[in-house]
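In: Sequence below, structure please.
(2 chains)
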Amino acid sequence: MITAALRATRWIRWYLREYSGAGAYERHVARYRAEHPGSPAPSRRDYERERARHRDHHPASRCC
Amino acid sequence: MPAHRINHRTRKPLAVAGWVLVALGGAIAWAVLALARGERVSAVWLLAAALGSYAIAYRFYARFIITRVLRPDDRRATPAERLADGVDYEPTDRRVLFGHHFAAIAGAGPLVGPVLAAQMGYLPGTIWIVAGVIFAGAVQDLVVMFLSMRRDGASLGRMVRDEIGLVGGGAALIAVFAIMIILLAVLALIVVNALATSPWGTFSIAATIPIALFMGLYLRFLRPGRVVEASTIGVVLLLAAVAGGDWVEHSSLASVFTLTPRTLVLCLAGYGLLASILPVWLLLAPRDYLSTFVKVGAISLMAIGVFVSAPQLKAQAVTAFARSGHGPVWAGSLFPFLFITIACGALSGFHALVSSGTTPKLIEKESQVKLIGYGGMLTESFVAVMALLAASILDPGLYYAMNAPAGLLGDTVQSASQAVSHLGFSITPEQLRAAAAAVGEKSLIARTGGAPTLAVGMAQVLNVFGGSALRAFWYHFAIMFEALFILTTVDAGTRVGRFMLQDLLGTAWKPLGRVNWRPGIWLCSALTVAAWGYFLYVGATDPLGGVNQLFPLFGIANQLLAAIALALATTVLVKSGRLRWAWVTGVPLAWDVAVTFTASWQKIFSGDPTVGFFAQRERYAHALASGKILAPAASSGAMHTIVVNSTVDGILMAVFLTLVAVVVGSAAWTCMRALRSPEPLPLAESPFVESRLGVDRAEHLEPVGGAAGRAG
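Out: Model (predicted):
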């Protein structure tokens, strides 16, 4: 019972993190480190700004 | 489904018994709904019928489309994998992507259409929502998503150009823009009708703007990327705003937030313009997060509420209006108008814009389109069923007092009560007053557009949480969340429209196409807002009732877009040598064309002035010329407005119809060419690249295709 509740909580946390894009930053850093060894990975702030700038020019439709 | 298609794993007796039970349960629920006459039916049967049908459809029909028709290949790298850039293209977990896709397709549409369709009773609407989604809507979403995924996430317009041809592509592009304008206008109109002279509702919606700005600044400067955190704060503030609306309504501030429809139109247009010009991070993105979390919360709450409270359906299964076609909420016969009144939730062409472009660029493995495309649409359909349910548990007298046009009902509870009894239902003036007081509103008369009706129904369902003390809170919570979705669609749509227009006008004059040139941005934003703002203003001031006039246009526009998407899907199936399976999208296409073309035809040519725009124009123009004033118009100015509006609406209808006819015609031509050609016509599909995404990702996927995929 308790383990099930724990597992559910963990799943929800994971889901929210992934859903909100928190996981995307970590993956980006991992990829960046692999592709550009030596240079510092972008900070969370810079990464989010870059994403926001991108969203400015690539609007996504929302349906009715 | 023939037995040989069921694979051995699921042929286990337990699984077979399980599916037989699901099928039986669904069938019994349908039987109860269809056969119950005279006695009250519990709404739980409605949900059981829908859920049982969805389960069967997902397990059997969706799988059939996947394994036989589309044949995705999980060894093939998806665009998300091949083109991964961490921004547009990024392999995303299927469950997460399902959430994103669902949030993008489901808005106020599935909540509003079914409420209006309740005029014909709960049965026709439910049957169409469930059958429509299984055989048309979810199929469209699935196939378009698959095709776009095979084309690096190309947009609908581009796929039509590449696969059908230049003429069809050009017509599709213009049609998409024009259809979007009408969609935005009608959605905004629903907000206007829900907020007019309601200080509580207006205050809570107005509060979403400062809340979103705060979230935007928080995510930009304080805690970048902490979306869950910021959204939690936002949702708490929002609930406080909804609760605080009660206080505002009874304070001296009430007059500030008591706005006429005209003022609200101006506010919405200003908001749309602002959202299109401001950077996304400041207003649009945080509102989107807020809207998504509220959406998921409100829909789950409602589902739980319905199961816990198990309300009785008070509407008739099939009303007299279904037979006569002269209902007060909207005019027209069951065929074709029921099928355009409920668009979102059954078949929504607008989804083709989300299913192409955004979502396909994020899919990890090809076979996941089944869950995301088909499953996502089934979920939206379930939302539509709940909305129909919320409208059907209301007393019919109240339903008509809220949804008939103001011109018919008059201004007072007495006149409304009388008008309702003329329609063959009953509600006393006292009951009307009490119903409004129970939800903290001054009046519920002629609150058309579906949102207030849904909110009253939802408040009744959510009564299980907090009893009647919280009823007014839940009503305004429901109004708030509907308006929130709609404004999210309106601001995102205005921005998308601005980019489309910049693209379009940029071909004529280069600088306009530049996404960084401020005058170009402002001009195209202003043009987009002016376009939907015009129709919104027309709707808000139409003496015949804006919803009554424009909602059919909205439904037809949405379904015409579906015709374009299904025509594309069918053409590609034919071109890729799958003529044998072309009926999978061909039959829904034929149905959709029959519905939309009949509806458009009647809207243009019908001699009945309540249905045909030009007959209506004729009637009022004639009366105006001979100096008469026809109800519900009260002055010659109002008469003139009706003449102008019905002319514009009629012309617009004709333009839509022509554009879509061009697209469908060129699709048919391309299919003919493909069938006659000795060599297969070229497809715009991207070439095969072997996937390198690890087995750990493929492992949780359902096996697809041949026996190899089923081993293990």
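
In: after the least confident helix or strand in chain A by mean pLDDT, next one along is what?
Out: In chain A, the helix or strand scored least confidently by mean pLDDT, DSSP states H and E is helix A:22-35, which has a mean of 84. Per DSSP states H and E, helix A:22-35 leads on to helix A:44-57 as the next helix or strand towards the C-terminus.

In: Scan chain A for its longest helix.
Out: As assigned by DSSP state H, the longest helix anywhere in chain A is helix A:2-20.

In: ok, B:V496 - contacts?
Out: Residues near B:V496 by C-beta atoms under 8 Å, 6 or more residues apart in numbering or on different chains: A:59-61, B:180. For every residue, glycine as well, the C-beta is placed using N, CA and C.

In: Check the burial of B:E618 by counting its neighbours.
Out: Look at B:E618: counted by other C-beta atoms under 10 Å in any protein chain shown, it has 15 neighbours.

In: What lies in contact with stretch B:407-420?
Out: Contacts of stretch B:407-420 (C-beta under 8 Å, 6+ apart): B:328, B:397, B:400-401, B:404, B:426-430, B:432-433, B:443, B:445-446, B:543-545, B:631-632.

In: And that stretch, what's buried?
Out: Applying a neighbour-count criterion of 16 or more other C-beta atoms under 10 Å in any protein chain shown, one finds B:407-410, B:413, B:416-417, B:419-420 buried in stretch B:407-420.

In: Would you format these as a markdown table with pLDDT, distance to B:L568 and secondary structure included?
Out: Formatted as a markdown table, the buried residues of stretch B:407-420 follow (pLDDT from 0 to 100; distance: C-beta to C-beta, whole Å; DSSP: H, G, I helix; E, B strand; the rest coil):
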| residue | pLDDT | distance to B:L568 | secondary structure |
| --- | --- | --- | --- |
| B:G407 | 84 | 42 | helix |
| B:L408 | 89 | 42 | helix |
| B:L409 | 92 | 44 | helix |
| B:G410 | 90 | 48 | coil |
| B:V413 | 96 | 51 | helix |
| B:A416 | 96 | 47 | helix |
| B:S417 | 96 | 51 | helix |
| B:A419 | 96 | 46 | helix |
| B:V420 | 96 | 46 | helix |
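
In: what sits against whatever residue of the stretch 201-350 of chain B ends up closest to chain A?
Out: In the stretch 201-350 of chain B, the residue that lies nearest chain A is B:V227 (3.5 Å; C-beta to the nearest C-beta). Neighbour list for B:V227: A:20-22, B:219, B:289 [criterion: C-beta under 8 Å, 6+ apart].

In: can you check B:L550 too?
Out: Contacts for B:L550 (C-beta under 8 Å, 6+ apart) come out as B:182, B:185-186, B:189, B:535, B:538-539, B:542, B:649.

In: wait, isn't B:L301 in contact with B:V464?
Out: No: with contact defined as C-beta atoms under 8 Å, B:L301 does not reach B:V464; the gap is 10.0 Å.

In: Which residue of the two possesses the greater neighbour count?
Out: With neighbours defined as other C-beta under 10 Å, B:L301 and B:V464 compare such that B:L301 has more, 18 against 15.

In: Next, name the residue at the spatial heart of the chain.
Out: Looking at chain A here, since you left the chain open. Centrality entry for chain A: nearest residue to the mean C-alpha point is A:A24, 2.5 Å, by C-alpha atoms, centre = their mean.

In: could you do chain B instead?
Out: A centroid search over chain B (C-alpha atoms, centre = their mean) returns B:G109, at 3.0 Å, as the residue closest to the centre.

In: Please name the residues that touch it.
Out: Per C-beta under 8 Å, 6+ apart, neighbours of B:G109: A:63-64, B:187, B:343-345, B:348, B:350, B:558.

In: Of these, which is the most crowded?
Out: Compared across the contacts of B:G109, B:S348 has the highest neighbour count, 37 neighbours, by other C-beta under 10 Å.

In: Local confidence estimate at B:G38?
Out: The model reports B:G38 with a pLDDT of 69.

In: Show me the shaky parts of chain B.
Out: Applying pLDDT under 70 to chain B flags residues B:1-11, B:38, B:694-712.

In: Longest helix of it, counting residues only.
Out: Assigned via DSSP H, chain B shows its longest helix as helix B:636-676.

In: which helices and strands sit right next to that one?
Out: Judged by 3 or more C-beta pairs under 8 Å, 6 or more residues apart in numbering or on different chains; DSSP states H and E, helix B:636-676 is in contact with helix B:166-195, helix B:518-541, helix B:546-575, helix B:583-605, helix B:613-625.

In: Send me stretch B:16-33 as PDB with only the CA atoms.
Out: Only the C-alpha atoms of stretch B:16-33 are listed here, as PDB (Å, rounded to 0.1, in the frame of the first residue of the first chain):
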ATOM      1  CA  VAL B  16     -11.200 -12.400 -24.300                       C
ATOM      2  CA  ALA B  17     -13.600 -12.600 -21.400                       C
ATOM      3  CA  GLY B  18     -12.500  -9.100 -20.400                       C
ATOM      4  CA  TRP B  19     -13.300  -7.600 -23.800                       C
ATOM      5  CA  VAL B  20     -16.500  -9.500 -24.100                       C
ATOM      6  CA  LEU B  21     -17.500  -8.000 -20.700                       C
ATOM      7  CA  VAL B  22     -16.600  -4.500 -21.900                       C
ATOM      8  CA  ALA B  23     -18.500  -5.000 -25.100                       C
ATOM      9  CA  LEU B  24     -21.600  -6.300 -23.200                       C
ATOM     10  CA  GLY B  25     -21.400  -3.400 -20.700                       C
ATOM     11  CA  GLY B  26     -21.300  -0.800 -23.400                       C
ATOM     12  CA  ALA B  27     -24.100  -2.500 -25.300                       C
ATOM     13  CA  ILE B  28     -26.300  -2.600 -22.300                       C
ATOM     14  CA  ALA B  29     -25.600   1.000 -21.600                       C
ATOM     15  CA  TRP B  30     -26.600   2.000 -25.100                       C
ATOM     16  CA  ALA B  31     -29.700  -0.100 -24.900                       C
ATOM     17  CA  VAL B  32     -30.800   1.600 -21.600                       C
ATOM     18  CA  LEU B  33     -30.200   5.000 -23.200                       C
END
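
In: Quick check: buried residues in it?
Out: For stretch B:16-33, burial by neighbour count (16+ other C-beta under 10 Å) applies to B:19, B:22-23, B:26, B:29-30, B:32-33.

In: and the helices and strands packed on helix B:636-676 as a markdown table, adding distance to B:F307?
Out: What follows is the helices and strands packed on helix B:636-676, written out as a markdown table (distance: least, C-beta to C-beta, whole Å):
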| stretch | distance to B:F307 |
| --- | --- |
| helix B:166-195 | 27 |
| helix B:518-541 | 36 |
| helix B:546-575 | 30 |
| helix B:583-605 | 31 |
| helix B:613-625 | 43 |
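
In: Give me whichever of those helices is most buried.
Out: When the helices and strands packed on helix B:636-676 are scored by mean count of other C-beta atoms under 10 Å in any protein chain shown, the highest mean neighbour count falls to helix B:546-575 (a mean of 28).

In: rewinding a little: what would I type in ChimeraX if I wanted to highlight the buried members of the contacts of stretch B:407-420 and nothing else?
Out: Command for ChimeraX that selects the buried part of the contacts of stretch B:407-420, burial taken from 16+ other C-beta under 10 Å:
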select /B:328,397,400,401,404,427,432,443,445,446,543,544,545,632
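
In: mind listing which of the contacts of stretch B:407-420 are in helices?
Out: B:397, B:400-401, B:429-430, B:432-433.

In: Which helix or which strand is home to the residue nearest to B:A599 when sequence neighbours are not counted?
Out: Here the nearest residue to B:A599 in space, its sequence neighbours aside, is B:P336; by C-beta to C-beta, 6 or more residues apart in numbering or on different chains that works out to 4.2 Å. Element membership of B:P336 [criterion: DSSP H and E] is helix B:334-341.

In: moving C-terminal of that helix, what's the next helix or strand?
Out: Next helix or strand after helix B:334-341 toward the C-terminus (DSSP H and E): helix B:351-355.
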